[in-house]
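Enquirer: Structure for the following, please:
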Amino acid sequence: MQKSSVPKIVIAGTHSGCGKTTAATGIMAALKRRGLVVQPFKVGPDFIDPTHHTKVCGRESRNLDPFMMTEENVRQTFVSATQGADIAVIEGVMGLFDGVDGGDESSTAHVARILDAPIVLVADVKGMSRSTGALVSGYVNFDKTLRFAGVILTKGGSERHKNMVCSSVTLPILGWIPRTDKLAVESRHLGLLIADEDDRMRDYAELIEETCLLDEIISAAVSPAVCSDEEEGEMSSTFTLAAARDLAFCFSYADNYSRLRQAGAEIVFFSPLSDELPKADAYYFCGGYPELYAEKLETATCRNDLKKAADAGIPIFGECGGLMWLSRSVTDTEGRTFQMAGVLDADTVMQKRFAALGYSIGKSCGNSFICEGTDFRGHEFHYSTCEADRDARFDFRLSRGKGIADGKDGIVCGQTIAGYTHIYFGKTWADAFAAGVQRR
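Expert: Coordinates of the predicted model:
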């Protein structure tokens, strides 16, 4: 049994847009500036906030999502990731109690209960005074199994406003963050800019030191140990996996690489935007923003070599942005078409609003290098549609989610498979992936 006694704190919001990311990332940055080793986490399937956490903390942020992972894997990921850390900061998702299909599953509250972690509630007080007390009281009393350490009040106004708000709040007030636009990170269609495009969140440390009671937040983080029944260990490398990682391909779950290493993969990261295609036994193209870099990808050095590798039967796996890159072409919202790798019998077209958003559940049908009947869970969020040829074959059948079309996902061409689902690699899926690569 593995165990972690690292102090931990959950930074949860009353709703999306309340300042939760500002508070959570700022607390991470402030703790790091004080010399602490901070392990960041993000509740839910989000890819963008973790890039900012990683940049700020210097340790890779991990997703905690019970729907995709199971509760035991949430504990296992927490235990393994916090080895060597002084404190763990867990940023929530949406509002504290917002889970799958309006229920509790995979909500921030669910994760806080799994980890027995204290919660700092972040509340937006713009346009409110005494009503703040009622709001906070409602959150505290909604679920008595949770432990609240205090509240951080955001988007505050004048000193008079502060006095009116704070007089009604019964929880310890751990911060008053005034309204400011100078540190706001820009957004695009899938969310905030990633950390490599805008790293201003590292400047949030000073804001937190000035406006929050950091010592009290540190003291509140002391909580019971987290135990996991699963022992983590990597086997000797048995195959080489080249994985895309750059501004065009930047959406991936850190656990996926850990699981693949445990299954025997030696992972080599490379940039399709600028690098030659490395020699490998298999290739992995995660999601991201290929549509923003389509002109550069069209002339990428590795493009022709990737088609040759596919024709030679080397296993290739793509998800979402990876699907777009492996298709014949991408057409943007202005009608411009760019040629992609041409591995799949399909073309992709960008839309002006999202085409799908939500969790996915499915299994492999045995049409690819993944063993038939292998179950998976994941998430999809994309603005493109995939126009596959009429005779295209698919390997994933979804019982939940849209996929490429009508619950069919994972278009197959030879040993290449790509779909819209961002799959969370549990042990079963990672082992099936590794076994499939090594069978060829």
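Enquirer: Which helix or which strand is home to residue 436?
Expert: For residue 436, the element it lies in under DSSP states H and E is helix 427-439.
Enquirer: So which bits of that helix are buried?
Expert: Within helix 427-439, the residues scored as buried using 16 or more other C-beta atoms under 10 Å are 429, 430, 431, 432, 433, 434, 436, 437. All C-beta atoms are positioned from the backbone trio N, CA, C, and that covers glycine.
Enquirer: Stretch 401-412 too?
Expert: Using 16+ other C-beta under 10 Å as the test for burial, stretch 401-412 gives 401, 402, 403, 404, 407, 408, 409, 410, 411, 412.
Enquirer: helix/strand/coil for the third one?
Expert: Pointing back at residue 403 there. Three-state call for residue 403 (DSSP: H, G, I helix; E, B strand; the rest coil): coil.
Enquirer: show me the contacts for it.
Expert: Applying C-beta atoms under 8 Å, 6 or more residues apart in numbering to residue 403 gives the contacts 356, 360, 362, 380, 396, 409, 410, 419, 420, 421.
Enquirer: Surely the third one is in a helix?
Expert: No - counting by three-state DSSP, residue 362 falls outside a helix, being strand.
Enquirer: so what's it bridging to?
Expert: With DSSP bridges applied, residue 362 shows beta-bridge pairing to residue 376, residue 398.
Enquirer: Same question for the fourth one.
Expert: Beta-bridge pairing of residue 380, defined through DSSP bridges, involves residue 358.
Enquirer: That one - how many residues pack around it?
Expert: Residues contacting residue 380 under the criterion other C-beta atoms under 10 Å number 26.
Enquirer: ditto for the second one
Expert: For residue 360, the count of nearby residues is 27 (other C-beta under 10 Å).
Enquirer: Model confidence for it, exactly?
Expert: As predicted, residue 360 sits at a pLDDT of 98.
Enquirer: surely it meets residue 379?
Expert: Yes - contact between residue 360 and residue 379 holds when scored by C-beta atoms under 8 Å: they sit 6.3 Å apart.
Enquirer: Mind listing the shared neighbours of the two?
Expert: Listed as contacting both residue 360 and residue 379 by C-beta under 8 Å, 6+ apart are residue 421.
Enquirer: could you pull out the helices for the protein?
Expert: Remark: helices assigned in the chain by DSSP state H are 20-33, 48-57, 66-69, 71-81, 108-115, 131-142, 159-166, 204-211, 214-220, 254-262, 294-298, 303-311, 321-326, 427-439.
Enquirer: Select, out of these, the one closest to residue 275.
Expert: Among these, the nearest to residue 275 by C-beta to C-beta is helix 303-311 (10.5 Å).
Enquirer: Please compute how far the closest one lies from its chain's middle.
Expert: Here helix 303-311 is found 29 Å from its chain centre; the criterion is C-alpha atoms, centre = their mean, to the nearest Å.
Enquirer: buried residues in that helix?
Expert: For helix 303-311, the neighbour count (16+ other C-beta under 10 Å) marks 303, 306, 307, 309, 310 as buried.
Enquirer: Tell me, how many residues neighbour residue 163?
Expert: Residues near residue 163, counting by other C-beta under 10 Å, number 10.
Enquirer: so how far is residue 153 from it?
Expert: Noted for residue 163: a distance of 12 Å to residue 153, by C-beta to C-beta, to the nearest Å.
Enquirer: repeat for residue 327
Expert: Separation of residue 327 from residue 153 (C-beta to C-beta): 47 Å.
Enquirer: So for these two, which sits in the more crowded spot?
Expert: Applying other C-beta under 10 Å to residue 327 and residue 153 shows that residue 153 carries more neighbours, namely 30 against 27.
Enquirer: got a list of what the more buried one touches?
Expert: Per C-beta under 8 Å, 6+ apart, neighbours of residue 153: 123, 125, 132, 165, 166, 169, 173, 175, 176, 177.
Enquirer: okay, the buried residues of helix 303-311 in CSV with distance to residue 425 next?
Expert: Shown next, in CSV, are these (distance: C-beta to C-beta, whole Å):
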residue, distance to residue 425
303, 26
306, 22
307, 26
309, 22
310, 22
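Enquirer: just these now: which is nearest residue 142?
Expert: Using C-beta to C-beta, residue 306 comes nearest to residue 142 of the buried residues of helix 303-311, at 51.0 Å.
Enquirer: Run through the bridge partners of residue 267.
Expert: Here residue 267 shows beta-bridge partners residue 241, assigned using DSSP bridges.
Enquirer: rewinding a little: which among the buried residues of helix 303-311 gets closest to residue 7?
Expert: Among these, and counting by C-beta to C-beta, the member closest to residue 7 is residue 306, at 45.5 Å.
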